[in-house]
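In: A structural model of the following input is requested.
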Amino acid sequence: MSWARSYSLIILFTTASTVAFGQAANAKLAARSGVISGRITMHGKGLPGLIVTLRNGGFGGQNPAQTTPQSKTDEDGKYRIANVPMGSWFVTPVAPVYTVPGASRITTTNDAVVITGGDTVDGIDFSLVRGGVITGKVTDTDSRPVIEQGISIQNVDATTQQGGRPNGPTGNFRTDDRGIYRIYGVPAGHYAISVGSSQRFGAYSTIQGQVAYKQTFHPDVTDASQATVIEVVEGAEVSNVDITVGRTVDEYSVTGRVIDRDSGVPLPNVGFSLSILAGGGDRQRAMGLVDLPVVSDSNGQFRVDNVVPGRYMISVAPQNSDGMSGQSAAFDVINQDVKDIEVRAVRGASLSGVVALDGNFDQSIQSELMQFQVQVFVQGNGGAASAAASAQTIPLNSDGSFQVTGLPAGSVRLTLAAQDPALQGAFKVLRIERDNVSQQRGITVNSGDQVTGVKIVAAYADGIVQGVATFQNGTLPAGSRVFASLTPTGQTRGFVGGSNVDSRGHFLIQNVPAGTYTLQVNVMQQGGRRGGGRQQPVTAQQSVIVTEGQISNASVVVDLGQNTPPAAPQ
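Out: Got it, this is the predicted structure:
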């Protein structure tokens, strides 16, 4: 694993006391904070005045809302970030006009560094080059400027053949009031430039009244294979990369009515959502869900405008339909308005239960749990019905109970989400039960069902597992990714947490509930295939016991020769 592009820094503070989530770090913890330092250069010369920041690099175990320190490079390009909180961090120079050769402007890798509190990590260096610039103008066929449209840039170099995502500069590049755009910080390479979005998800913007154009590549083609490729070299500007767009995406209206399935009576004041479908037959699935800005009138009739061609399904929105659920048959919008869509609504299923903590905790922990909400997601079961999807967020009552109504028939999945980002990661869902039976594949509901006895069993998660993986019988191949993960002992499901393993073999897994776990270290080689078949990862595992509020240490030996084929006979 290389340190060449960027670094994820994990600062570990050893403390045996339990620190409640959402509380400010105490003075003792602050005194053990870490320091990260390094130098940023271009062709060996220091780059002064660059802001260097930390980005959260944890796996859901850190507070995403916490304020992180930053620094600025001096005249020699050196920086020093002090008072770095505990956690996993990506060190990122804010240098939008610069780039690392062969990478995007915000350069990250999967490498990590694990240190103990009070240490200083030096040598986190970045060697940058000035990125290129692509600029041009977008007009329609009447030479009028196309205003406030997003510009997409796609790397078309051979690196995409390795299965990775094409690199390109990050940022929100849009045309101005003259139709002019300017993309800067572009790594050297070959690119296709386009405006507009793919048709499949165009409904997201058109239904909200935004203008959408068919995706058009420089200079004026809609077929990506016919796009004129732009070459960018270090520090150079490529101008006049103009795009002429044709007409906007075709838009049509969809009209219909919603009725009570049993009585046939029209239903007024019903809200709707639109599922964007993909696939066919039993493999048809909802690829997107759009809340529609319409409700049915006194005759149960509704009209949805600005719908682009595609395959859809209209469903009753449970949040504002008085406990009703239902959906239309799947329909296609091709080249004309669609009429007479019928949504047959029924009394939806209801589901009630309670969130309970595993173990005994004081009142302050219980109070933190009450600041969470239950997220409810329903996926339809079987055939075309499987395309229907529904999502709701339900607050907890003061006693930890909850109830959700208007659920469509399907499989219900439940999760917990913090209302306050400072509490994110404070609790982990261990299992979902119904009448004391674990529901690993979700809870099946049918229209009109009243499901009770549901329990979301959660655990307070303030344990830490830190350790070192050592490797024998070989060296890590270039491009390998090493990952450490925890699952409860005796279970094949139930991922609790994970961490990248750094080039020294160090790893840190935060926000782990008390319990006994299987710690597994996996080595994944780049490419992932050998001889036409899937290459098995090299693995090692051991048991680890986590105690509430404590740090558990682990040492894992990974045999890199375990997948080596036997030598051929002499």
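In: Can you give me every residue that contacts Ala554?
Out: Ala554 is in contact with Val465, Gln466, Gly467, Val468, Leu519, Gln542, Val544, counting by CB atoms under 8 Å, 6 or more residues apart in numbering. Heads up, the C-betas are built off the backbone N, CA and C, glycines and all.
In: Please list only the buried members of those.
Out: Val465, Gln466, Gly467, Val468, Leu519, Val544 (16 or more other CB atoms under 10 Å).
In: How about the contacts made by the first one?
Out: Applying CB under 8 Å, 6+ apart, we find Val465 in contact with Leu486, Gly497, Leu508, Ile509, Val512, Tyr517, Leu519, Val544, Val546, Ile551, Ser552, Ala554.
In: Gln366 falls within a strand, correct?
Out: No: Gln366: not assigned to a strand; according to DSSP: H, G, I helix; E, B strand; the rest coil it is helix.
In: Leaving out chain neighbours, which residue sits closest to it?
Out: Of all residues not flanking Gln366 in the chain, Leu357 sits nearest, at 7.0 Å (CB to CB, 6 or more residues apart in numbering).
In: What's the end-to-end length of stretch 246-260?
Out: 44 Å (CA to CA, to the nearest Å).
In: ok, now stretch 391-407?
Out: Start-to-end, stretch 391-407 (CA to CA) is 9 Å.
In: all numbers from here: first residue = 59
Out: Got it, the first residue is 59 from now on, which makes the last one we talked about stretch 449-465.
In: So which bits of it are buried?
Out: Gln450, Leu454, Gly458, Phe460, Val462, Thr463, Gly464, Leu465.
In: mind exporting stretch 450-462 as PDB, just the C-alpha atoms?
Out: Taking C-alpha atoms only, stretch 450-462 is exported to PDB below (Å, rounded to 0.1, in the frame of the first residue of the first chain):
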ATOM      1  CA  GLN A 450     -40.600   6.800   6.200                       C
ATOM      2  CA  THR A 451     -38.900   8.200   9.300                       C
ATOM      3  CA  ILE A 452     -40.800   7.900  12.600                       C
ATOM      4  CA  PRO A 453     -39.900   9.600  15.900                       C
ATOM      5  CA  LEU A 454     -39.700   7.600  19.100                       C
ATOM      6  CA  ASN A 455     -42.200   8.100  21.900                       C
ATOM      7  CA  SER A 456     -40.900   9.000  25.300                       C
ATOM      8  CA  ASP A 457     -41.000   5.300  26.400                       C
ATOM      9  CA  GLY A 458     -39.100   4.100  23.300                       C
ATOM     10  CA  SER A 459     -42.200   2.900  21.400                       C
ATOM     11  CA  PHE A 460     -43.000   3.700  17.800                       C
ATOM     12  CA  GLN A 461     -45.800   3.100  15.300                       C
ATOM     13  CA  VAL A 462     -45.900   3.400  11.600                       C
END
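In: Just give me the closest of the contacts of Val523 to Ala336.
Out: Distance to Ala336 across the contacts of Val523 (CB to CB) is lowest for Gly555, with 32.2 Å.
In: tell me which element Gly417 falls in.
Out: Following DSSP states H and E, there is no helix or strand that holds Gly417.
In: right, and it touches Ala517 too?
Out: Yes: Gly417 is in contact with Ala517 according to CB atoms under 8 Å; the separation is 6.9 Å.
In: Give the residues shared as contacts by these two.
Out: Counting by CB under 8 Å, 6+ apart, the residues touching both Gly417 and Ala517 are Ala572.
In: Comparing these two, which residue is more hemmed in?
Out: Ala517 (21 against 12; other CB atoms under 10 Å).
In: Report the contact partners of the more buried one.
Out: Contacts of Ala517 (CB under 8 Å, 6+ apart): Leu415, Asp416, Gly417, Phe485, Lys486, Leu488, Pro571, Ala572, Gly573.
In: Just the buried ones out of the residues you listed, please.
Out: Leu415, Asp416, Phe485, Lys486, Leu488, Pro571, Ala572, Gly573.
In: Check what pLDDT the second one gets.
Out: Okay, so that is Asp416. On pLDDT, Asp416 comes in at 86.
In: what's the answer for the fourth one, then?
Out: The pLDDT attached to Lys486 in the predicted structure is 88.
In: Please apply the same query to the last one.
Out: In the predicted model, Gly573 carries a pLDDT score of 90.
In: quick one, what contacts it?
Out: Ala517, Pro546, Thr547, Ile603, Val604.
In: which of the residues you listed has the most neighbours?
Out: Neighbour counts for those (other CB under 10 Å) peak at Val604, which has 24 neighbours.
In: can you pull out the helices in the stretch 409-558 of the chain?
Out: 421-427 (DSSP state H, counting those that start in this stretch).
In: how close does Thr533 sit to Thr264?
Out: 54 Å (CB to CB, to the nearest Å).
In: residue ranges for the strands of the stretch 59-208 of the chain, please.
Out: Here the stretch 59-208 of the chain has its strands, by DSSP state E, counting those that start in this stretch, at 65-70, 92-100, 103-104, 109-114, 129-130, 136-142, 145-152, 156-157, 170-174, 178-179, 184-188, 190-198.
In: any idea of the mean pLDDT in the last one?
Out: This means strand 190-198. Across strand 190-198, the average pLDDT comes to 96.
In: so what secondary structure elements neighbour that strand?
Out: strand 238-244, strand 247-253, strand 288-290, strand 295-296, strand 301-303 (3 or more CB pairs under 8 Å, 6 or more residues apart in numbering; DSSP states H and E).
In: ditto for the second one
Out: Packed against strand 92-100, as judged by 3+ CB pairs under 8 Å, 6+ apart, are the following elements: strand 65-70, strand 136-142, strand 145-152, strand 178-179, strand 184-188.
In: quick one: buried residues of the longest one?
Out: Put plainly, it is strand 145-152. Buried residues in strand 145-152, defined by neighbour count with 16+ other CB under 10 Å: Gly145, Ser146, Trp147, Phe148, Val149, Thr150, Pro151.
In: What separation do you get for the last one and Gln424?
Out: Note on Pro151: its distance to Gln424, by CB to CB, is 43 Å.
In: circling back: okay, the buried ones among the contacts of Ala612 in a markdown table with distance to Pro595 and pLDDT next?
Out: Below are these laid out as a markdown table (distance: CB to CB, whole Å; pLDDT from 0 to 100):
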| residue | distance to Pro595 | pLDDT |
| --- | --- | --- |
| Val523 | 20 | 88 |
| Gln524 | 22 | 85 |
| Gly525 | 18 | 85 |
| Val526 | 19 | 89 |
| Leu577 | 15 | 94 |
| Val602 | 20 | 95 |
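In: Among these, which lie within strands?
Out: Val523, Gln524, Gly525, Val526, Leu577, Val602 (DSSP state E).
In: May I ask which two of the residues you listed are separated the most?
Out: Among those, Val526 and Val602 lie farthest apart (CB to CB), at 12.9 Å.
In: What are the buried residues along stretch 475-491?
Out: Ala476, Ala480, Leu481, Gln482, Gly483, Ala484, Phe485, Lys486, Leu488, Arg489, Ile490, Glu491.
In: same question, stretch 521-535
Out: Applying 16+ other CB under 10 Å to stretch 521-535 flags Gly521, Ile522, Val523, Gln524, Gly525, Val526, Ala527, Phe529, Leu534 as buried.
In: Much appreciated, bye for now.
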